[in-house]
Structure formats: structure tokens, C-alpha cells
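Trainee: Below are the sequence and a predicted model; questions follow.
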Amino acid sequence: MKTTIDIADPILDRAKKLAAREGLTLKTLVEQGLTRVLAEHTSSAAFRMRDASVGGQGMQPGVAGLDWDRLRELAYEGRGD
């Protein structure tokens, strides 16, 4: 597909020189650059939360299956009023 873009003269001059030095067409150089930028944005969008779990043994015996209200009661048992 053909399209027209405006590129600042100094950048275009550098791109042409680099393409010639690398034995590439300007089209190929531009496509490589766009591919890199798009890949960076695609990969940075994927967020993974780090594993912040502690203990490594899972839940303590007797608490599996309890609802959140009961878990909260147990967590704060003996603290404050």
C-alpha cells in the first residue's frame, strides 16, 4: 500500500544514509523501525503481577473454604477492641 508521510529533512537524510550503508531500501528501513516501535508497545501493554505470596504452603489448616468475613475476623483476632 502506498502512502505519503512527512519526515524532517535531517531524519530522512540519516535514514537514507543508513539504508545505503546497510544495503536496504528506505522502505525496508522504515518498515523495520515501525515494526520495532509497534512490538515495544504491544509487549509493554502486557502486564504481569509478580507473585507476592508468602509461606509457600497455601492456607492454614481449618481456614480453607471460609468466607471473607470469617477470614477477616481471624486475621484481626486479639487486636484492639
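Mentor: Perfect, thanks for sending it.
Trainee: Name the residues of the lowest-mean-pLDDT helix or strand in the chain that come out as buried.
Mentor: Ranked by mean pLDDT, DSSP states H and E, the weakest helix or strand in the chain is helix 26-45, scoring a mean of 86. Buried positions in helix 26-45, judged by neighbour count with 16 or more other CB atoms under 10 Å: residue 29. C-betas here are computed from N, CA, C, even on glycine.
Trainee: For residue 69, give me its contacts.
Mentor: Counting by CB atoms under 8 Å, 6 or more residues apart in numbering, residue 69 touches no other residue.
Trainee: quick check, distance from the helix or strand containing it to the centre of its chain.
Mentor: Per DSSP states H and E, residue 69 falls inside helix 68-76. Helix 68-76 sits 35 Å away from the centroid of its parent chain (CA atoms, centre = their mean, to the nearest Å).
Trainee: From the contact counts, what lies against the least confident helix or strand of the chain?
Mentor: helix 9-22 (3 or more CB pairs under 8 Å, 6 or more residues apart in numbering; DSSP states H and E).
Trainee: Touching the helix it packs on from outside, list them.
Mentor: By CB under 8 Å, 6+ apart, helix 9-22 touches 7, 24, 25, 26, 28, 29, 30.
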